[in-house]
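*Asks:* Kindly return the folded structure for what I paste below:
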Amino acid sequence: MSDAILSDEELERYARHIVLPEIGGAGQQKLKRARVLVLGAGGLGAPVLQYLAAAGVGALGIVDDDRVSLSNLQRQVIHPTEAVGALKAESAGAAIAQLNPHVTVETHLLRLHSENAGPLIARYDVVVDGSDNFETRYVLADACAEARVPLVTAAVGRFDGSLTVLKPYEAGADGKPFPSYRDLFPEAPPPGLVPTCAEAGIVGALTGVMGTLQAMEAIKLVTGIGEPLVGRLLLYDGLAARFETVRYGPKRG
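*Replies:* Numbers count the residues shown, from 1 in each chain. Presented below is the predicted three-dimensional model:
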């Protein structure tokens, strides 16, 4: 496709990708053609957006209607101090424009719900979840499954995080369908059981670790390389500096 032709400037910008046999020029063209939707321009969304923009993803959609507060800046590193009070989606979009002018930013100043999720997700190739509540995660996961769009979802606690990739509309080599978000979390915990970041606190670098891992999974999905975390939950313990991977499967037939 002509819109995926890399200019001389892009060839130099992405040279370290292009020399990788697993990505090469063809993979970089896939990244340029790709449309990735990122839900949230906060702790997880910040590194996701920065690394996907740097990688040359052609279009990045940002869903966020919140504004930057001073307490965000300890972990939401895409926003400068002078952005306090600004809309997060617009602040992130401005940062991406400075980082890589070849990336198109599409801002969606809204809160995701069951009525608007489907039409929005259908416009993108991959969705990355940087939300901070179970209600939104269920809505997003259900809509991605319905639209047959892969979802990279992560969650963070005080010093720990988890990450998986969801493609429940496909099946594995054994013919069994891949698990869904509801297979992993059949129901949300009771309200108030899981404290918010404001209540429990969070170390800022943790969101960088998990968000960067999300960006890596998104790049793998777009380029078709490696083995995405489908049916596997990656767990990270920041205090112990330990990663573990737990396999999980569908609970339906």
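
*Asks:* okay, CA-based contacts and neighbour counts for the rest of this
*Replies:* Noted.

*Asks:* Next one: Leu213 from Asp125, what distance?
*Replies:* 18 Å (CA to CA, to the nearest Å).

*Asks:* meant to ask about Thr245, not that
*Replies:* For Thr245 relative to Asp125 (CA to CA), the value is 26 Å.

*Asks:* Between these two, which has more neighbouring residues?
*Replies:* Neighbours per residue (other CA atoms under 10 Å) separate Thr245 from Asp125, with Asp125 holding more: 19 against 14.

*Asks:* what sits opposite the closest residue to that one other than its chain neighbours in the beta ladder?
*Replies:* Among residues not flanking Asp125 along the chain, Arg35 sits closest, at 5.4 Å (CA to CA, 6 or more residues apart in numbering). Beta bridges link Arg35 to Ala59, judged by DSSP bridges.

*Asks:* For burial, what's the neighbour tally of Arg35?
*Replies:* 22.

*Asks:* ok, now Ile5?
*Replies:* Residues near Ile5, counting by other CA under 10 Å, number 15.

*Asks:* Which residues are in contact with it?
*Replies:* Contact analysis of Ile5 by CA atoms under 8 Å, 6 or more residues apart in numbering lists Gln29.

*Asks:* How about Ile18?
*Replies:* Counted by CA under 8 Å, 6+ apart, Ile18 has contacts Leu11, Gly24, Gly25, Gly27, Gln28.

*Asks:* roughly how far apart are the second one and Ala59?
*Replies:* Using CA to CA, one gets 20 Å for the distance from Gly24 to Ala59.

*Asks:* Distance-wise, check Val126 relative to Gly211.
*Replies:* Using CA to CA, which is the criterion applied here, Val126 is 15 Å from Gly211.

*Asks:* neighbour count winner among these two?
*Replies:* Under the neighbour definition other CA under 10 Å, Val126 and Gly211 were set side by side, and Gly211 has more, 31 against 22.

*Asks:* quick one: the closest residue to that one other than its chain neighbours from Leu206, how far?
*Replies:* Spatial nearest neighbour of Gly211, chain neighbours left out: Leu44 (4.6 Å); criterion: CA to CA, 6+ apart. Remark: distance between Leu44 and Leu206 (CA to CA) = 9 Å.

*Asks:* neighbour-wise, which of these two wins?
*Replies:* Leu44 (34 against 22).

*Asks:* doesn't Ala205 make contact with the more buried one?
*Replies:* No - taking contacts as CA atoms under 8 Å, Leu44 lies outside contact range of Ala205: 10.2 Å.

*Asks:* and the closest residue in space to Val103 that isn't next to it in sequence, what pLDDT?
*Replies:* Among residues not flanking Val103 along the chain, Gly58 sits closest, at 5.0 Å (CA to CA, 6+ apart). Gly58 carries a pLDDT value of 98.

*Asks:* Next up, the contacts around Gly58.
*Replies:* Contacts of Gly58 (CA under 8 Å, 6+ apart): Leu31, Lys32, Arg33, Ala34, Arg35, His102, Val103, Thr104.

*Asks:* which of those residues lies closest to Leu49?
*Replies:* Val103 (10.7 Å; CA to CA).

*Asks:* for the stretch 51-200 of the chain, which spans come out with low pLDDT?
*Replies:* Scanning the stretch 51-200 of the chain for pLDDT under 70 picks out the ranges 192-193.
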